[in-house]
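>>> got a structure for you, letters missing:
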């Protein structure tokens, strides 16, 4: 089985929010699923509308597998440079959750936290959020067509169930033809086992 984290990973299953009060400032950190940068940016705007009177709306996102830097973004939104967006992004990149956007709405309470205190507060909000964030498993799938003779159908069905393959279309003609979506990490095993159970007669397209 492949260990590539990009093939199977956790993503947020719903919007989730945590709140902390640090030196009289309120830090309201919210996360959501972000399959791409457009979705992340749209969520940032929605949180700004939800908390229009917040002093700052700092954010970070990883719109890809955990740890991937291909599609990331961040903003300090007026806080001292490097004290908000970057600490938030760092926590996300070192987590086991992918396709995630986080926005922290801060209501200034009158006491300054200093640059170190701000970094700890923004990073801490994301860490707290990740502790109980509701997630679901995302599995990268590859679509293929499998063709086998009828005597091999029962074995094929057991194999597909074992590999967590989804049958999207079935065609029963002179032979059985299944269009399936199989987890990318098990594609090689599917090819090998179809050849084995059909003595080389089964085909993958």
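On my side now, so go ahead. All of these numbers come straight from a predicted model, not from anything done at the bench.
>>> can you pull the contacts of residue 30?
Shown in contact with residue 30 (C-beta atoms under 8 Å, 6 or more residues apart in numbering): 15-17, 47, 102-105, 129. Glycine gets a C-beta too; all of them are placed from N, C-alpha and C.
>>> which of those are buried?
Burial by neighbour count, judged by 16 or more other C-beta atoms under 10 Å, picks out 16, 47, 102-105, 129 from the contacts of residue 30.
>>> ok, for residue 76, nearest residue in space, not its chain neighbours?
Spatial nearest neighbour of residue 76, chain neighbours left out: residue 84 (4.4 Å); criterion: C-beta to C-beta, 6 or more residues apart in numbering.
>>> same check on residue 134?
In space, residue 134 comes closest to residue 13 once its chain neighbours are excluded; the distance is 4.6 Å by C-beta to C-beta, 6+ apart.
>>> and the most far-flung residue of the chain relative to its centre, how far from residue 167?
Centroid-distance maximum for the chain: residue 174 at 41.6 Å, with C-alpha atoms, centre = their mean. Noted for residue 174: a distance of 19 Å to residue 167, by C-beta to C-beta, to the nearest Å.
>>> returning to that earlier point: hang on, the residue nearest to residue 76 packs against residue 29?
No. Using C-beta atoms under 8 Å, residue 84 makes no contact with residue 29, being 11.0 Å away.
>>> find the residues that touch each one of those two.
With contacts taken as C-beta under 8 Å, 6+ apart, residue 84 and residue 29 have residue 104 as neighbours in common.
>>> just give me the longest helix of the protein.
Counting by DSSP state H, the longest helix found in the chain is helix 114-131.
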